[in-house]
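Fold the following, please.
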Amino acid sequence: MRHPRISCDPKVMTGKPVIRGTRVPVETILRHLGAGDALATILADFPDLTADDVRAAQAYAADYIADERIVAAE
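As a prediction, the model looks like this:
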């Protein structure tokens, strides 16, 4: 699935997925959410982000996980 707010460029953050036009990795946003940080806190900590950027990071992660291959244990 295409995510227009997410970019991967080897010259930016060694190619990790980031919010387009920033150096904020998707991983960083997800870690803040996982730690229980509120959306308002994340936006205050990263003023270049919007609520739509945070939702895009979540959608990107969900699509990434959806495409994982499951290996059954023997």
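
which parts of the longest helix along the chain are buried?
Criterion DSSP state H: the longest helix present in the chain is helix 51-66. Under the neighbour-count criterion of 16 or more other Cβ atoms under 10 Å, helix 51-66 has 53, 54, 56, 57, 60, 61 buried. From N, CA and C alone the C-beta is placed, and that goes for glycine too.

With distance to residue 35 and pLDDT added, can I get those residues in TSV?
Output for those, formatted as TSV (distance: Cβ to Cβ, whole Å; pLDDT from 0 to 100):
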residue	distance to residue 35	pLDDT
53	18	98
54	14	98
56	19	97
57	14	97
60	19	95
61	15	95
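
so which of the residues you listed would you say is closest to residue 72?
Using Cβ to Cβ, residue 61 comes nearest to residue 72 of those, at 23.4 Å.

distance between the ends of stretch 32-41?
9 Å (Cα to Cα, to the nearest Å).

Could you check how far that stretch is from the centre of its chain?
13 Å (Cα atoms, centre = their mean, to the nearest Å).

Then stretch 31-46?
Per Cα atoms, centre = their mean, the centroid offset for stretch 31-46 relative to its chain is 12 Å.

List the buried residues for that stretch?
Neighbour-count burial for stretch 31-46 flags 32, 33, 42, 43, 46 (criterion: 16+ other Cβ under 10 Å).
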